[in-house]
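Enquirer: predicted model and sequence below, questions to follow.
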Amino acid sequence: MTFLRKKRVFALLLIGFLLVLFMNSSFIGRKLYPIYFEQEIKQSAAKHKVDPFLIAAIIRVETNYRHHLESKKGALGLMQLMPDTADWIVQSTNLEPHAQEDLLKVDVNINLGSWYLSWLNKHYNGNLFYTIAAYNAGQGNVNKWKQNDIWDGSQANINQIPFGETRHYVSRVLYYYEKYTNLYSDRWGTEGSASVQNKEALD
């Protein structure tokens, strides 16, 4: 092998090594998977005892941090809350009343959405997968799947979820949840402000 060829091989190996290092860097990872509205997420997570990375993952899948979105079904804001659901949340808590347009405000939307996640988590006894599925499909559907043994609420059997949209939704939320937890736990000084029974299944 000529000296010039050896230099080329060495340069290619060095580039490959740097690329691997580049892709494994937490700094680069956070650039690829950013979390916006950190303060609002952390505050609501602490207030309602919800894992902040779960909130961030829900937001990422729902709207990719675009806070002025309104769905065709009428869901509003970062966490895509239906006005009826938001009204029920306010009536069920001591949270302040709001106008429908307030759901487009970042702090209001994250606060109400985080409370709802906390409620779902308690309703399903800490089952992360039921919680995420119910956020998308509604607890009425998830309750039927649970009671009729259609889906056992495990990650291994997500393919048993009858709704294709919800199967995809749960998988995507879990993907970002794991990414955020791995990339931001050290920086945020937490592994989440609330434990869930099935979180170990992701580790």
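Expert: Received the coordinates, thanks.

Enquirer: quick one: Trp151 and Leu174, what's the gap?
Expert: Here Trp151 is placed at a distance of 15 Å from Leu174 (CB to CB, to the nearest Å). To be clear about C-beta, it is placed using only N, CA and C from the backbone, and glycine gets the same treatment.

Enquirer: count of neighbours near Gly138?
Expert: 14 (other CB atoms under 10 Å).

Enquirer: and Asp84, by the same measure?
Expert: Neighbour tally, Asp84, other CB under 10 Å: 9.

Enquirer: okay, and it sits in which element?
Expert: helix 83-92 (DSSP states H and E).

Enquirer: for the helix or strand just after that helix, buried residues please.
Expert: Downstream of helix 83-92, the next assigned helix or strand under DSSP H and E is helix 106-123. With burial defined by 16 or more other CB atoms under 10 Å, the residues of helix 106-123 counted as buried are 106, 108-121.

Enquirer: stretch 168-182: how far from the chain's middle?
Expert: 6 Å (CA atoms, centre = their mean, to the nearest Å).

Enquirer: that stretch: which residues count as buried?
Expert: Buried residues in stretch 168-182 (16+ other CB under 10 Å): Tyr169, Val170, Arg172, Val173, Leu174, Tyr176, Tyr177, Lys179, Tyr180, Thr181.

Enquirer: could I get the pLDDT score of the spatially most central residue of the chain?
Expert: Central residue of the chain (CA atoms, centre = their mean): Ala57, 1.8 Å from the mean position. At Ala57, the pLDDT value in this model is 98.

Enquirer: Val20 too?
Expert: Predicted confidence (pLDDT) for Val20: 59.

Enquirer: equivalent analysis for Asp186, please.
Expert: Note for Asp186: predicted pLDDT of 86.

Enquirer: also Leu202?
Expert: On the pLDDT scale, Leu202 is placed at 63.

Enquirer: might one say that Phe53 is in contact with Thr181?
Expert: Yes - counting by CB atoms under 8 Å, Phe53 touches Thr181, with 4.8 Å between them.

Enquirer: what's next to the lengthiest helix in the chain, contact-wise?
Expert: In the chain, assigned by DSSP state H, the helix with the most residues is helix 164-188. Here helix 164-188 makes contact (CB atoms under 8 Å, 6 or more residues apart in numbering) with 26, 29-30, 33, 35, 38, 42, 51-54, 56-58, 60-61, 129, 132-133, 136-137, 141, 155, 158-159, 161, 191-192, 202.

Enquirer: then stretch 58-72?
Expert: Applying CB under 8 Å, 6+ apart, the contact partners of stretch 58-72 are 36-37, 41, 76-80, 104-106, 109-110, 113, 117, 132, 135, 169, 172-173, 176.

Enquirer: tell me how many other residues crowd the nearest residue to Gln100 once chain neighbours are set aside.
Expert: Counting by CB to CB, 6 or more residues apart in numbering, Gln100 lies nearest to Pro83, which is 5.2 Å off, once chain neighbours are set aside. Neighbour count for Pro83, taken as other CB under 10 Å: 14.
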